[in-house]
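*Asks:* Got a predicted model here, sequence first, then my questions.
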Amino acid sequence: MKKLMWLIRREYWENKAMLLWSNAAVAALLVIVFASLRGRPSYQFEGQVVEPAVMTAAQISYVIKGLNESFYLPLSLLGVLLPILIGVYCLGSLYNERDDRSVLFWKSMPVSGTTTVLSKVLFALLLFPLATLVFSLIAGIPIFLSFGIRLQTSGIQTNVFSAAFKDSDMLLTPLKMISLLPVYMLWALPTVGWLMMVSAWAKAKPILWAICIPMLTVWLIYIVSKNLDLGLNIRWLNFNIIGRGLMSILPASWIAYQKVDSPQIDYAHSLTAWSGDMYGPSLEMLGKSELWVGAIIGIAMLAVAVFLRQKKDVS
């Protein structure tokens, strides 16, 4: 365990800029943009613009709900950055140390290849999402205050901050988001396993190999199926080879998988699933075979990555 923690610290030291400063820069930009918004707030109800000063109690409750959601607005936007950071990190995690020959030094250390790869997996699947969550919450505070002050000074007939903090959903949302981290980690394993396996194998341009192989695989299967009239479900292949292989690191992408069998689920809200009404459906994934089969496949690919890291020649 001590060796694993030391290796995770090593990953932090080597990738501190990617983990912290990229999230901090985007969070700061979001704060500047939203805090600089000017103008008197107004809202539409049933097609009519209603000024805050003359709102009914029901309308005020609706507006307060929107104010609370503004606190978690950065989560949706930083959630777009998260898969990019994880993808870049995973593709370079084993390729870069072989490319700069530092792998020779690390192989000489009394640390197993399994422990080394595990430290990289935990760094990708645990620390990156946690950093996204922390910076989202930090950025959400000034955005929430900015919107709240504008609303309070518009003449609304209530104390908006007092009303906002009476909403239990606002206070419980961070805990809900943290509790869904295991779902995200298990769901993202196929993509992380694939990217790290390519990173351990590719001699050059791992990103091209990582993208082209799944796409060519589906294309070849489609051509064979069409010529031989096999009637294969190409949509299923696209979703499970390209989608699960390359895009499982998208936050709440499991909602898209559920939508295949449950059309009532609104995928448009998938990027905010951690903070809203997708909490229940997200937890349901823990009882579905699709998540566990994908996780097993991801672990198998990580085992191949460990083997390739040990056997691959440094060129």
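*Replies:* Thanks, I have the structure now. Residues are numbered from 1 along each chain as shown.
*Asks:* Show the subsequent helix or strand relative to the helix or strand where L195 lies.
*Replies:* In this structure, L195 sits in helix 181-201 according to DSSP states H and E. Following helix 181-201 in sequence order, the next helix or strand is helix 206-228 (DSSP H and E).
*Asks:* tell me which residues of that next one are tucked away?
*Replies:* Applying a neighbour-count criterion of 16 or more other C-beta atoms under 10 Å, one finds P206, I207, W209, A210, P214, V218, I221 buried in helix 206-228. For the C-beta atoms, the positions are set from N, CA and C on the backbone; glycine is no exception.
*Asks:* Against which helices or strands is that helix packed?
*Replies:* Applying 3 or more C-beta pairs under 8 Å, 6 or more residues apart in numbering; DSSP states H and E, one finds that helix 206-228 makes contact with helix 73-93, helix 181-201, helix 234-237, helix 244-246.
*Asks:* Out of those helices, which is closest to L283?
*Replies:* Closest to L283 of the helices and strands packed on helix 206-228 is helix 181-201 (C-beta to C-beta; 6.9 Å).
*Asks:* who does the closest one touch, helix- and strand-wise?
*Replies:* When contacts are defined as 3+ C-beta pairs under 8 Å, 6+ apart, helix 181-201 packs onto helix 73-93, helix 95-99, helix 113-122, helix 128-152, helix 206-228, helix 244-246, helix 289-311.
*Asks:* pLDDT weak spots in the stretch 51-200 of the chain?
*Replies:* Applying pLDDT under 70 to the stretch 51-200 of the chain flags residues 99-111.
*Asks:* which residues touch L20?
*Replies:* A131 (C-beta atoms under 8 Å, 6 or more residues apart in numbering).
*Asks:* which residue is nearest the middle of the chain?
*Replies:* Centrality entry for the chain: nearest residue to the mean C-alpha point is P251, 3.3 Å, by C-alpha atoms, centre = their mean.
*Asks:* That one looks like it's in a strand, true?
*Replies:* No. Counting by DSSP: H, G, I helix; E, B strand; the rest coil, P251 is not part of a strand but coil.
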